[in-house]
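Student: need the 3D shape of this:
(2 chains)
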Amino acid sequence: MLGGGRAVVVSTVSTIVFFGLIAAAFLFAPGSAQVRQEFFNLHDMKVALVGDPSHGVFSVGEAFLRNIEMFLIGEVLILALALLIAVVRQLRGPVFFPLRLVAIAYTDFFRGVPLILVIYTIGFGIPALGLRVVSTQSAEVYGLAALVLSYSAYVSEVYRAGIESVHESQTAAARSLGLSQWQALRFVVLPQAVRRVIPPLLNDFISLQKDTALVAILGTVIEANRAAQIYSSYAFNYSSFVLAALMFLVLTVPLARFTDHLIARDRRRRQAGGGR
Amino acid sequence: MIGAERVGAAAAEPSEAIRLEGVRKAFGGDEVLRGIDLSVATHEVICLIGASGSGKSTMLRCVNLLEPVDGGRILLWGEDITSPAVDVNAVRRQIGIVFQSFNLFPHMSVLRNVTLAPIRVLRMSRREADVRADELLGRFGLADKRDDYPDRLSGGQQQRVAIVRALAMQPRIMLLDEVTSALDPELVAEVLNVIRELAQAGMTMLIATHEMGFARDIASRVCFLDQGVILEQGPPQRIFTEPREERTRRFLQSIIEAGRM
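Tutor: Numbering: from 1, shown residues only, chains lettered A, B, ... in the order given. Below is the predicted model:
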């Protein structure tokens, strides 16, 4: 191991050199000035951020609130729906066979189909059905529904892994005290399972935050990605996309750091070896 | 609490608590129980001895309905609990079981481990469940551990909590499945003392154990299991001093040679 002081110096120097080389490559590239003008133009970013209603340009900042809204509502719905699916798959007994079958078919289907196809199918298919309430929702609702359906399939598998990681002797202990199958799951297995899968759940939510941008393909939902697109075709400048990217980073990076923090804490606890 | 209630109720209780008739159990092609017959009187303490794999644990799990039997029947105070119509949860409420590996709930404090079933199954109020739990924890020297989580406790303490957790359901029968096998030697005594106290209070118990000295001390009857049947049974003095069966003799001999007796 290096001494503390020396390690700091070495890592500082190597960091400066490393990023300096990348910056130099960027700055001295033949098309650098043009790229900076078209992608990193502060003036364009500023205009894109607040929007220009007189020219039909939406505010990327305001549109980003759609993403946050979809993400927050979606997350709650996904957590609930996925838990339901995971629990149904866990039910024992022949009576529940059809339910188990539906849950398995559901996860297989939605994990197997690309999210973008689900968004298209629901976003354009459901309105075309001409049903009374179901077919008259906004595109944002359909996009959100597609996200929830698709992500619930993944998240239910995360839950299921957690449930199966709880040793069956826990269930035996609960059942032997007279708890029903449902009570054993509810009070003994699920609390332990959910605690174990929090890091992978957060990982899926980082993906969800980004994937809210896919709803833009329905055209009429003005979320950040779509607003940036509108700005770029109005100003012939791509800085609005960079602005949108920065906004997503502001949202996802803290969650990523937090997830790593939880994983590291779990590892420390396990290494401390406090029982099970 | 338990002692007084048991003795008071004893007169009204039928004398036969558990009856096993030709109980069979196989896992895949592996026959673990091959016709177990046993009658356990109320307040009796039966110790099951025998080599690992002789069927002791499986027998206890069958009585608790954690394993369905493949043949024969089990009667609990005259009621056939192996019939499909029986309310499994109601049967388990009357039978406490304690496992070799404690199986405490790691995400709950000691107090919540003990009160979970009384609150959820017996529909006791939280306050009443807490009072009763504190009483039991105090009786077994665990009062100061009530708010700790299981991973903070020693093995002996964990196992005593597991016993208290089972007792909180006020069972009429206790099944103990090698409850000291996972403990460090110096922690065995504190758990055995708890069991001794239960026996003195008149608890009907079926105890699978490798602690022969303890079995000799506490059992009203010892059953030697061999290859899925009760090969020999009788009062501990006789079984341990003059076993009739050659296999029993050999088993006890091996135990003595291992220094466990």
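Student: and whichever residue of the stretch 151-261 of chain B sits closest to chain A, how many neighbours?
Tutor: Using C-beta to the nearest C-beta, the closest approach of the stretch 151-261 of chain B to chain A is made by residue B:151 at 3.0 Å. (Each C-beta comes from the backbone N, C-alpha and C, glycine too.) Residues lying near residue B:151 (other C-beta atoms under 10 Å in any protein chain shown) number 14.
Student: ok, residue A:136 - contacts?
Tutor: Contact partners of residue A:136, counting by C-beta atoms under 8 Å, 6 or more residues apart in numbering or on different chains, are residue A:127.
Student: in stretch B:183-195, what counts as buried?
Tutor: B:183, B:187, B:188, B:190, B:191, B:192, B:194, B:195 (16 or more other C-beta atoms under 10 Å in any protein chain shown).
Student: whoops, I mixed them up, stretch B:82-93
Tutor: For stretch B:82-93, by 16+ other C-beta under 10 Å, it's B:82, B:88, B:89, B:91, B:92, B:93.
Student: now the second one: closest residue in space, sequence neighbours ignored.
Tutor: What that stands for is residue B:88. residue B:65 (5.3 Å; C-beta to C-beta, 6 or more residues apart in numbering or on different chains).
Student: double-check that that neighbour belongs to a helix.
Tutor: No - using DSSP: H, G, I helix; E, B strand; the rest coil, the assignment for residue B:65 is coil, not a helix.
Student: from residue B:122, how far out is it?
Tutor: 18 Å (C-beta to C-beta, to the nearest Å).
Student: between the two, which is the more surrounded one?
Tutor: Neighbour comparison, residue B:65 and residue B:122: the larger count goes to residue B:65, with 20 against 15 (by other C-beta under 10 Å).
Student: so where do the strands sit in the stretch 151-261 of chain B?
Tutor: Using DSSP state E, counting those that start in this stretch, the strands of the stretch 151-261 of chain B run over residues B:173-177, B:204-208, B:221-226, B:229-234.
Student: so of these, which one's packed in deepest?
Tutor: Compared across the strands of the stretch 151-261 of chain B, strand B:204-208 shows the largest average neighbour count, a mean of 25 (mean count of other C-beta atoms under 10 Å in any protein chain shown).
Student: and the direction of it versus that of strand B:173-177, what angle?
Tutor: Strand B:204-208 runs at 10 degrees relative to strand B:173-177, counting by axes from the mean of the first three to the mean of the last three C-alpha atoms, to 10 degrees.
Student: and strand B:204-208, what does it pack onto?
Tutor: In terms of contacts (3 or more C-beta pairs under 8 Å, 6 or more residues apart in numbering or on different chains; DSSP states H and E), strand B:204-208 is packed against strand B:16-27, strand B:30-41, strand B:45-49, helix B:56-63, strand B:173-177, helix B:185-200.
Student: and these: which comes nearest residue B:139?
Tutor: helix B:185-200 (8.2 Å; C-beta to C-beta).
Student: from what I see, the residue of the stretch 151-261 of chain B closest to chain A and residue B:106 are in contact.
Tutor: Yes - Residue B:151 is in contact with residue B:106 according to C-beta atoms under 8 Å; the separation is 6.2 Å.
Student: returning to that earlier point: make CSV out of the buried residues of stretch B:82-93 and add pLDDT and secondary structure.
Tutor: Putting these into CSV (pLDDT from 0 to 100; DSSP: H, G, I helix; E, B strand; the rest coil) gives the following:
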residue, pLDDT, secondary structure
B:82, 92, coil
B:88, 89, helix
B:89, 87, helix
B:91, 90, helix
B:92, 90, helix
B:93, 89, helix
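Student: residue A:255: which of those residues is nearest?
Tutor: Of all the buried residues of stretch B:82-93, residue A:255 sits closest to residue B:89, with 42.3 Å by C-beta to C-beta.
Student: from residue B:98, how far off is the closest one?
Tutor: In terms of C-beta to C-beta, residue B:89 sits 18 Å off from residue B:98.
Student: cool, residue A:76 as well?
Tutor: Computed as C-beta to C-beta, the residue A:76 to residue B:98 distance reads 41 Å.
Student: the two: who's more crowded?
Tutor: Shown here are residue A:76 and residue B:98; by other C-beta under 10 Å, residue B:98 has more neighbours (27 against 10).
Student: so what sits opposite the more buried one in the bridge?
Tutor: residue B:176 (DSSP bridges).
Student: give the contact list for it.
Tutor: Counted by C-beta under 8 Å, 6+ apart, residue B:98 has contacts B:159, B:162, B:163, B:166, B:174, B:175, B:176, B:177, B:179.
Student: how many neighbours does residue A:167 have?
Tutor: As a burial measure, residue A:167 scores 14 neighbours (other C-beta under 10 Å).
Student: from chain B, how far off is it?
Tutor: 8 Å (C-beta to the nearest C-beta, to the nearest Å).
Student: can you check the pLDDT for that residue?
Tutor: At residue A:167, the model reports a pLDDT of 93.
Student: what does residue B:186 give?
Tutor: In this model, residue B:186 is scored at 83, pLDDT.
Student: kindly report the same for residue B:150.
Tutor: What the model reports as pLDDT for residue B:150 is 92.
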